[in-house]
Every structure is written in structure tokens, then in C-alpha cells.
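Student: Quick one, structure for this:
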Amino acid sequence: MDQTVTPSPDFDQSFRDQFENLLRWRRDIRHFETSPVPADLVQACLSMANLAPSVGLSQPWRFVELQDPTRRAQIIQSFEDCNAQALQAYEGEKRQLYTTLKLEGLRQAPVQFAVFCDDETDKGDGLGKQSMPEMLNYSVVTAIYSFWLAARTHGLGVGWVSILDPQTVKNACNVPDHWSLIAYLCVGWPAIDPTCTPELEQKGWENRQPHPDFYKKL
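Tutor: Okay, the predicted model is just below:
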């Protein structure tokens, strides 16, 4: 049977410029409007996430949307506990600066996902992960980033909350033991217009390093 071959698209300079803008303007959003996000828009972004590459075409990502207030309350409590503990690692001016940072949007974001890796998925038959089983986790990260970029094209904000206890999140989501937490995402309309400069850089916490600082030839 003949198969129609779809030609590769021509990504011109205009597209490349827009793509660079998308990367530059993707921000980690912490300030959200509480207004709802259309369900079909969320599903469209999830469809884009499912286009991400994965080791052995395993597609090990599992997006669990938390809507139940009781479950969300468990996540908020976990953040507060972990955030208080994290604060103890800093001293002086850094400690004071830490207390001024808004590090989550858990109380405002209308859509929230816990994203897991199915460590025992049969899909892909283990191809490519025999020597590096962590490739499953990396595959999930590519799906998260694809979701993030897709959301940004629609004007949605996404915030990745990592100051959480993974087991608490797993318990709140009632997921299998062989699922590993990779991310907790807050999603919604930004309450503050995002800037091209990351908020942590604006606050003076850290600066982005230029390209030569992470590249070398051997």
C-alpha cells in the first residue's frame, strides 16, 4: 500500500525569530488569576506534551490533575513544611531574600498537575534505558517542557513547584508505588504580565550565565 509522505516544513527565519521569543518569554509563573481555564485548552496543551520525544517511544509521563480541595490542601501543607525547612539552609542576606520570594501559586492556580514517571511501563520494551534507566525521567521532563511552551503560546502561565515532599504528593494523588514524582505544575492565567527577565534574576537571587560558560570543546 502506498503511503503519502508529508514533506518536512520549511522553518523560515520569521519562524525562528518567533521560536526564540517563545523560549525567551517562557517564564516560571507564580502569580495567577483564579479565573478558570477552558478544559479544551488544557487538553490541547496536553496533546502537545504527548508529542515529546521519549526513550524507546515509551511515553512514560502521567499527568494527574488535582481538583479536590482536600488533596490540594495536602500539597499546600507539604510546601509550607518543606519551605520552612529549606529556609534553614540560608543565613544572613540570602536568608532574608529567600523570605521575600514567591515560590508557588498553589492557592490561586485553577489548574494543577502532579506529573509522574511510570517507572515500570512496558511501552518501548526497555529500549534505550538498559544502561541509563533515568532516561525515563528525562523523557517526562521533555513532555513537561513541551506542555509549558504550548501553554505559553496560548497566554497561559505555568509554574513548576519543587519545594514539596514527593511521597506526600504521591499519597495525595493515590498513584501506584512505581510512579515517581517529576513535577508539580500550577497552570492558569498570569495575574502579573510576565517579563523577559526571570523573577529570580529580578530579585537578585541569581543571574543567567552566558552561552560560553556552559559549552566547551574537548
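Student: part of a strand, is Cys196?
Tutor: No. If the criterion is DSSP: H, G, I helix; E, B strand; the rest coil, then Cys196 is coil and not within a strand.
Student: C-terminal to the helix or strand where Ala172 lies, what's the next element?
Tutor: Using DSSP states H and E, Ala172 falls within helix 166-173. Counting by DSSP H and E, the element after helix 166-173 in chain order, helix or strand, is strand 179-188.
Student: Any chance you could list what contacts the following helix or strand past that following strand?
Tutor: The helix or strand immediately downstream of strand 179-188 is helix 199-202, counting by DSSP H and E. The contact list for helix 199-202, computed with C-beta atoms under 8 Å, 6 or more residues apart in numbering, reads 27-28, 30, 101-102, 195, 206-208. All C-beta spots, glycine's among them, are computed from the backbone N, C-alpha and C.
Student: Equivalent analysis for stretch 6-26, please.
Tutor: Against stretch 6-26 from outside (C-beta under 8 Å, 6+ apart): 148-149, 152-153, 194, 196.
Student: Tell me the buried residues in it?
Tutor: Arg26 (16 or more other C-beta atoms under 10 Å).
Student: Can I have the buried ones of the contacts of helix 199-202 as a PyMOL selection?
Tutor: Buried members of the contacts of helix 199-202, defined by 16+ other C-beta under 10 Å, are picked up in PyMOL with:
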select buried, resi 27+28+30
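Student: can you redo the contacts of helix 199-202 as JSON lines with secondary structure and distance to Val115?
Tutor: Below are the contacts of helix 199-202 laid out as JSON lines (DSSP: H, G, I helix; E, B strand; the rest coil; distance: C-beta to C-beta, whole Å):
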{"residue": "Arg27", "secondary structure": "coil", "distance to Val115": "19"}
{"residue": "Asp28", "secondary structure": "strand", "distance to Val115": "15"}
{"residue": "Arg30", "secondary structure": "coil", "distance to Val115": "18"}
{"residue": "Leu101", "secondary structure": "coil", "distance to Val115": "23"}
{"residue": "Lys102", "secondary structure": "coil", "distance to Val115": "21"}
{"residue": "Thr195", "secondary structure": "coil", "distance to Val115": "26"}
{"residue": "Glu206", "secondary structure": "coil", "distance to Val115": "24"}
{"residue": "Asn207", "secondary structure": "coil", "distance to Val115": "28"}
{"residue": "Arg208", "secondary structure": "coil", "distance to Val115": "25"}
